[in-house]
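Asker: have a look at this fold, sequence not included:
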């Protein structure tokens with residue numbers, strides 16, 4: 001799992017510790033008893049504290065007489081350290097790794113398509129089985145619930161959580177009285193009408209609201225052309241109300257089975273950046289990309305394109321692993337001061353090639369990400385055929 005291994009001499013001197021790299025790393029101390037696994041911003045200093053000669057009457061943890069072997073891998077960023085620590089914990093402590101890492105599943109909006117009368121809810125339980133759809137990750141359950149509630153105000157899909165058994169004698173609820181639900185509970189609509197409304201909701205979530213925006217704009221233009229100015233004004237008002245709802249969506253919030261991302265991080269290797277690929281709800285990487293143009297005759301754009309095409313598949317094989325990989329990505333993305341950059345393909349699956357290359361350069365130089373981007377149709381890597 002970790003790339004370096006060396007025996008630890010019980011009589012290790014300061015000179016021995018001085019030969020260790022003073023760099024960020026993930027490390028394992030092995031010996032008598034349970035392994036000690038952690039990450040650090042300075043491997044040399046951390047091991048000196050844990051394995052140096054113990055000070056008299058000190059309560060600080062000292063493992064000098066218990067450790068026989070050290071394993072470590074140098075890392076270039078907190079993101080890489082977190083992902084490598086997760087993989088090492090999962091291997092060494094398969095029963096307790098999640099608790100040790102304090103992973104919190106990402107909040108998602110779930111569209112219950114397997115229900116006879118589909119509905120939406122917020123959940124942290126993700127599954128790749130069945131026909132239900134998941135959208136996210138959101139920063140918190142509260143933000144997911146607010147977005148789902150605000151978005152459903154534009155539709156007439158049910159809000160109740162019960163399994164329905166339609167009965168014409170059922171009185172309905174406040175949403176049906178306010179004409180905000182088609183009321184399948186008392187057969188206020190046909191099954192076909194309800195499923196058509198569900199399809200509109202799914203299209204809204206799939207396109208991050210673009211489908212409803214186009215629909216309202218077309219209706220407004222049509223009303224204006226027919227001189228129905230009051231209807232056009234009402235539609236314009238709905239469009240204005242929709243804007244703050246869509247503004248709640250960060251760029252990362254997508255349909256999970258379609259969520260793809262390319263994460264660029266600093267590398268521990270000189271002259272390189274570390275690349276990670278998120279797809280099919282799993283994380284793969286890191287791959288070190290050497291930026292020395294003299295050592296590689298092809299252009300950086302060609303090398304990035306080839307790296308994307310040849311990127312290995314994620315090792316996540318189970319739903320649990322995919323949930324955890326998504327939680328790690330979400331934890332990093334929503335940090336107030338995150339290191340590195342993330343890139344997404346457009347709705348056709350094309351990657352922004354030039355933006356990727358510029359972002360790789362910024363990460364390598366330690367510059368801040370540019371917040372404003374001008375997207376061009378020629379500025380992309382097409383999806384694989």
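Answerer: Yes, it's here. Keep in mind it's a predicted model, so treat the numbers as computed, not measured.

Asker: and stretch 163-176, which residues are buried?
Answerer: Residues 164, 166, 173, 175, 176 are the ones in stretch 163-176 that count as buried (16 or more other Cβ atoms under 10 Å). Where you see a C-beta, it was placed from the backbone N, CA and C, and this is true even at glycine.

Asker: and which of those is nearest residue 362?
Answerer: Residue 362 has its nearest neighbour among the buried residues of stretch 163-176 in residue 175, at 48.1 Å by Cβ to Cβ.

Asker: give me the element the closest residue to that closest one other than its chain neighbours is part of.
Answerer: Distance criterion Cβ to Cβ, 6 or more residues apart in numbering; nearest residue to residue 175, sequence neighbours excluded, is residue 181 at 3.9 Å. Secondary structure from DSSP states H and E places residue 181 outside every helix and strand.

Asker: where do the strands sit along the stretch 51-200 of the chain?
Answerer: 67-74, 108-111, 120-123, 133-136 (DSSP state E, counting those that start in this stretch).

Asker: for residue 235, what are its contacts?
Answerer: 216, 219, 220, 223 (Cβ atoms under 8 Å, 6 or more residues apart in numbering).

Asker: returning to that earlier point: of the buried residues of stretch 163-176, just say which sits nearest to residue 323.
Answerer: Using Cβ to Cβ, these come closest to residue 323 at residue 164, 29.1 Å.

Asker: the helix or strand of the chain with the lowest mean pLDDT: how far from the chain's middle?
Answerer: Ranking every helix and strand in the chain by mean pLDDT, DSSP states H and E puts helix 174-177 at the bottom, with a mean of 85. Remark: helix 174-177 is offset 36 Å from the chain centroid, using Cα atoms, centre = their mean, to the nearest Å.

Asker: for the longest helix anywhere in the chain, buried residues please.
Answerer: As assigned by DSSP state H, the longest helix anywhere in the chain is helix 229-246. Neighbour-count burial for helix 229-246 flags 232, 235, 242, 245, 246 (criterion: 16+ other Cβ under 10 Å).

Asker: swap in stretch 196-214?
Answerer: Those buried within stretch 196-214 under the rule 16+ other Cβ under 10 Å are 197, 198, 201, 202, 204, 205, 206, 208, 209, 211, 212, 213.

Asker: quick one, what contacts the fourth one?
Answerer: Looking back up the chat, that one is residue 202. The contact partners of residue 202, by Cβ under 8 Å, 6+ apart, come to 111, 113, 133.

Asker: ok, now how distant is it from residue 346?
Answerer: 20 Å (Cβ to Cβ, to the nearest Å).

Asker: again with the fifth one
Answerer: Residue 204 sits 18 Å away from residue 346, going by Cβ to Cβ.

Asker: pLDDT weak spots in the stretch 201-350 of the chain?
Answerer: 293-296 (pLDDT under 70).

Asker: can you pull out the helices in it?
Answerer: With DSSP state H, counting those that start in this stretch as the criterion, the stretch 201-350 of the chain has helices at 210-225, 229-246, 300-310, 319-333.

Asker: cool, and the stretch 51-200 of the chain?
Answerer: Under DSSP H, counting those that start in this stretch, the stretch 51-200 of the chain gives helices at 78-92, 97-101, 141-152, 174-177, 191-206.

Asker: possible to save the contacts of residue 235 as CSV with distance to residue 155 and neighbour count?
Answerer: CSV is the format used below for these (distance: Cβ to Cβ, whole Å; neighbours: other Cβ atoms under 10 Å):
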residue, distance to residue 155, neighbour count
216, 12, 18
219, 15, 16
220, 18, 20
223, 20, 18
